[in-house]
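Visitor: Got a predicted model here, sequence first, then my questions.
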Amino acid sequence: MTETDFVPSAYLEEKEAGSTVWKAPSNIALVKYWGKKENQIPANPSVSFTLQASCTETRLEYTKLEKESPDFSFDLLFEGAPKESFKPKISTFLSRVENYLPFLRKYHFTIETSNSFPHSSGIASSASGMAALALCLMDMEKELDPKMEMDFFYRKASFLARLGSGSACRSIKGGIVQWGRHKDIENSSDLYGIPYPYSVHPVFEQYHDTILLVHEGEKQVSSTLGHDLMHNHPFAKQRFEQAGKNLKALQPVFIDGNLVEFISLVESEALSLHAMMMSSMPYFMLMKPNTLEIINKIWEYRNASKTHVCFTLDAGANVHVLYPENEKDQVLQFIKDELVAYCQNGQYICDRIGFGAKKL
Ligand code: PMV
């Protein structure tokens, strides 16, 4: 499919007003997306676990305007209160998707959104937030085009979410989601995420991700700037190749459930991502001393316990602790005894692989 496949022809239905509510999850990448081309096209393919507990709920209400508005007409409420500071990001998103949703200037929208995770926890809400909003807009488009197939609905939702925040395209479907063209992954696309198309060992159906909140508040460097710094980065070419190779290497790991191999690929991806940040020009570092304390504790504990606990990182200081269902009691006890002390205000979120976005 190409971009033009997402440009609709004239709608058959008219709609004066309506509303819809969607809940979309966050996701955690195993092979990381870091670096992009124009129009949110990823520089390398990535794959993620869709999460369950960390999510955004968005309600979209729409009323037809008397005449088309020169600007997008919308109110935005975050956790029950108007939030002016979020509006520019939404306006940018609407202008990027306008070509694919030509009705946007004909309506006034009220967007009410809230997150399941604590505000300022340092957890990025852009993936779940953009996915939830994209799904609400698709729901509206389906009212105008009732014959739309659900496969197309979800694919276009992923396509639109990507234009808001790249990784958001992996927050529509559940389980394992892959995004970015890879020659060895059938139907993979730079334009949207797809449910991982090969067989997956049952051990990965019930994986846990306990998110340790190491540092609250704004990051020093946004991911937008971080992606940008991959242009002219001295190791960019090698990094993009490495991501492709790691994605291919995960294929037999997903089939066999080889957790030893899984751990080395996932941890290497996390550290390679942060190594890119540390070797950009200008360079920066998002890990904090407690991030490193936690990583070292996980390594020590894994050696001693012979469990399969491992870590990954997103673009921040928080640590995602990954472990299989059959080791859950033991590892959670270790987390409480040894790792929570390194979390800001003792905060952590018990999350796990989930089933994807849902209409409420
Ligand atoms: O979707 P963005 O632009 O916020 O970038 C996300 C990048 C990482 O979280 C670091 C990696 C990933 O693949 O999710």
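Guide: Great, that's in hand.
Visitor: Now do the same contact list for Tyr154.
Guide: Ile172, Lys173 (C-beta atoms under 8 Å, 6 or more residues apart in numbering). (Each C-beta comes from the backbone N, C-alpha and C, glycine too.)
Visitor: can you offset everything so residue one is 326?
Guide: New numbering, starting at 326: the last item is Tyr479.
Visitor: What does the pLDDT read for it?
Guide: pLDDT recorded at Tyr479 is 98.
Visitor: Please tell me how far it sits from the ligand.
Guide: Distance of Tyr479 to the ligand, given as C-beta to the nearest ligand atom, to the nearest Å: 19 Å.
Visitor: what residues are up against the closest residue in space to Gly505 that isn't next to it in sequence?
Guide: Closest residue in space to Gly505, ignoring its immediate chain neighbours: Pro370 at 3.0 Å, by C-beta to C-beta, 6 or more residues apart in numbering. Pro370 makes contact with Val356, Tyr358, Gln503, Trp504, Gly505, Arg506, His507, Ile510, Ser513, Ala568, Gly569, Leu572 under the criterion C-beta under 8 Å, 6+ apart.
Visitor: again, 10 Å this time
Guide: Contacts for Pro370 (C-beta atoms under 10 Å, 6 or more residues apart in numbering) come out as 356, 358, 503-510, 513-515, 565, 568-569, 571-573.
Visitor: Those in strands, which ones?
Guide: Residues of the contacts of Pro370 located in strands (DSSP state E): Val356, Gln503, Trp504.
Visitor: Let's have these in a markdown table, adding distance to Asp676.
Guide: Shown next, in a markdown table, are these (distance: C-beta to C-beta, whole Å):
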| residue | distance to Asp676 |
| --- | --- |
| Val356 | 19 |
| Gln503 | 20 |
| Trp504 | 20 |
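Visitor: Kindly indicate which of the residues you listed lies nearest Thr417.
Guide: Using C-beta to C-beta, Trp504 is the member of the ones in strands among the contacts of Pro370 that lies nearest Thr417, at 20.5 Å.
Visitor: Would you agree the closest one is in contact with Asn512?
Guide: No - using C-beta atoms under 10 Å, Trp504 is not in contact with Asn512, being 11.6 Å away.
Visitor: Now do Phe434 against the ligand, distance only.
Guide: 23 Å.
Visitor: Sorry, slip of the keys, the one I care about is Leu355.
Guide: Distance from Leu355 to the ligand, by C-beta to the nearest ligand atom: 9 Å.
Visitor: tell me, how many neighbours does that residue end up with?
Guide: 25 (other C-beta atoms under 10 Å).
Visitor: wait, what's in contact with it?
Guide: Contacts of Leu355 (C-beta under 10 Å, 6+ apart): 371-374, 501, 503, 529, 571-572, 575, 578-579, 587, 590-591, 594-595, 637, 645, 647.
Visitor: residue in the stretch 476-625 of the chain nearest to the ligand?
Guide: Here the stretch 476-625 of the chain gets closest to the ligand at one residue, Ser492, 3.2 Å apart by C-beta to the nearest ligand atom.
Visitor: which residues does that residue contact?
Guide: 351-354, 357-358, 367, 371, 373, 449, 451-453, 455-456, 486, 502, 504, 518, 548, 639-640.
Visitor: got it, and Met612?
Guide: 539-540, 595-596, 599, 602-603, 619-620, 638, 641-644.
Visitor: let's see it at 6 Å
Guide: His599, Ala642 (C-beta atoms under 6 Å, 6 or more residues apart in numbering).
Visitor: and the contacts of Leu355, which of them are in helices?
Guide: Asn571, Leu572, Leu575, Val578, Phe579, Phe587, Leu590, Val591, Glu594, Ala595 (DSSP state H).
Visitor: surely the last one meets Cys635?
Guide: Right, Ala595. No - with contact defined as C-beta atoms under 6 Å, Ala595 does not reach Cys635; the gap is 8.9 Å.
Visitor: so how far is Lys622 from Ser589?
Guide: According to C-beta to C-beta, to the nearest Å, Ser589 stands 18 Å off from Lys622.
Visitor: Settle it for me: which of the two has more neighbours?
Guide: Lys622 (18 against 15).
Visitor: isn't there a strand covering that one?
Guide: No - assessed with DSSP: H, G, I helix; E, B strand; the rest coil, Lys622 is helix; it does not lie in a strand.
Visitor: one step back: before we move on, what SS does the residue of the stretch 476-625 of the chain closest to the ligand have?
Guide: Per three-state DSSP, Ser492 ends up helix.
Visitor: now the helices for the protein?
Guide: Using DSSP H, helices in the chain cover 412-422, 451-469, 475-489, 548-553, 561-581, 584-603, 614-630, 653-659.
Visitor: So what touches the shortest one?
Guide: So that's helix 548-553. Residues from elsewhere that reach helix 548-553, judged by C-beta under 6 Å, 6+ apart: Gly360, Lys361, Ala640.
Visitor: related to what we said a few turns ago, more neighbours: Trp504 and Asn512, which one.
Guide: Set Trp504 next to Asn512 and count neighbours by other C-beta under 10 Å: Trp504 wins out with 28 against 10.
Visitor: ok so, going back, go through the helices of the chain and pick out the most buried.
Guide: helix 451-469 (a mean of 25; mean count of other C-beta atoms under 10 Å).
Visitor: do it and the ligand meet?
Guide: Yes - Helix 451-469 reaches the ligand (C-beta under 6 Å from any ligand atom) through Ser451.
Visitor: same thing with stretch 533-551?
Guide: Yes - applying C-beta under 6 Å from any ligand atom, one finds stretch 533-551 in contact with the ligand at Ser548.
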